[in-house]
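Peer 1: below is the structure, and that's it, no one-letter string:
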DNA sequence: CCCTTGCGCAAGGAGTTGGTTGCAGACGCC
DNA sequence: GGCGTCTGCAACCAACTCCTTGCGCAAGGG
């Protein structure tokens, strides 16, 4: 099962809509970590963290490689970039709307002159 | 009740973790719209959309002003910017990690010479 | 070969989400 | 004042989320 290639950005947003998973991502941004290492700072069972990692993996934010019995997790920054891209689009759309508004105001001022 | 000022970024991510709400945000990025206008493109009852707007309002992504019996919604881009900021932090942390790795490799190369 | 360690799957239960319908308040028009 | 429109709240229900416990399986160390 591929880690989902569609632009299911909503699943990525949903995955980050949880403090624990946000913290996991922050941790992984500082470097690879095994599931056990990820679980340590939390007051959660191992399996709960394993599940969170599964969710992050399924939405494409995290990948895992196999190293003996360990399964180090790695952040997929590209996926984060897609999120940032979507947000940027909205911001740009909003700003271009403001531009249009300014154009309009400029036109009005010119008209009045 | 203030629209929440904390950095509850997880609530913002959670709010965007829904296609309908992503679409609403996209719509609002193109300009103000009333709840009725927002509801139109969806195959949903009016109240369902009203609820989605409430969620977006509570997490600080959307604000509403009163215009007679209408309640035009406005995107709060600044809040979007906070999201983008968090994502950017993670990306930078990741990249600086790569930098450190490169430094390490450089040190190794130097050592070998 | 056994035992421990690291990890994931399955089942079950409390809580939350997202939908609906029904009702009520505020405004505009006649 | 009386009526239709725009909107939000309350109640209810199906579906999902997140946690836990229990089990299974593969890898390494004695």
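Peer 2: Done, it's in. The shown structure was predicted, so the numbers you read here are calculated from the model rather than taken from an experiment. Residues are numbered from 1 along each chain as shown, chains lettered A, B, ... in the order given.
Peer 1: look at the spatially most central residue of chain A and tell me its secondary structure.
Peer 2: Most central in chain A under C-alpha atoms, centre = their mean is residue A:80, positioned 4.3 Å from the mean C-alpha point. Using DSSP: H, G, I helix; E, B strand; the rest coil, the structure places residue A:80 in helix.
Peer 1: could you check the pLDDT of it?
Peer 2: Residue A:80 carries a pLDDT score of 96 in this model.
Peer 1: likewise for residue A:42?
Peer 2: At residue A:42, pLDDT is 95.
Peer 1: if I look at it, how far off is residue B:67?
Peer 2: Going from residue A:42 to residue B:67 by C-beta to C-beta, to the nearest Å gives 47 Å. Any C-beta I mention is one placed from the backbone N, CA and C, and that applies to glycine too.
Peer 1: now swap in residue A:54 and tell me
Peer 2: From residue A:54 to residue B:67 the distance is 46 Å (C-beta to C-beta).
Peer 1: by mean pLDDT, point me to the weakest helix or strand of chain A.
Peer 2: Every helix and strand in chain A was compared by mean pLDDT, DSSP states H and E; the lowest is helix A:77-112, with a mean of 84.
Peer 1: which elements pack onto it?
Peer 2: Where contact means 3 or more C-beta pairs under 8 Å, 6 or more residues apart in numbering or on different chains; DSSP states H and E, helix A:77-112 is packed against helix A:9-16, helix B:19-29, helix B:77-112.
Peer 1: residues of chain A that sit close to DNA strand D?
Peer 2: A:14, A:17-18, A:20, A:43-45, A:47-48, A:51-52, A:55, A:68-69 (C-beta under 7 Å from any atom of the strand).
Peer 1: so which of the residues you listed is the most crowded?
Peer 2: Within the residues of chain A next to DNA strand D, most neighbours by other C-beta atoms under 10 Å in any protein chain shown means residue A:52, with 22 neighbours.
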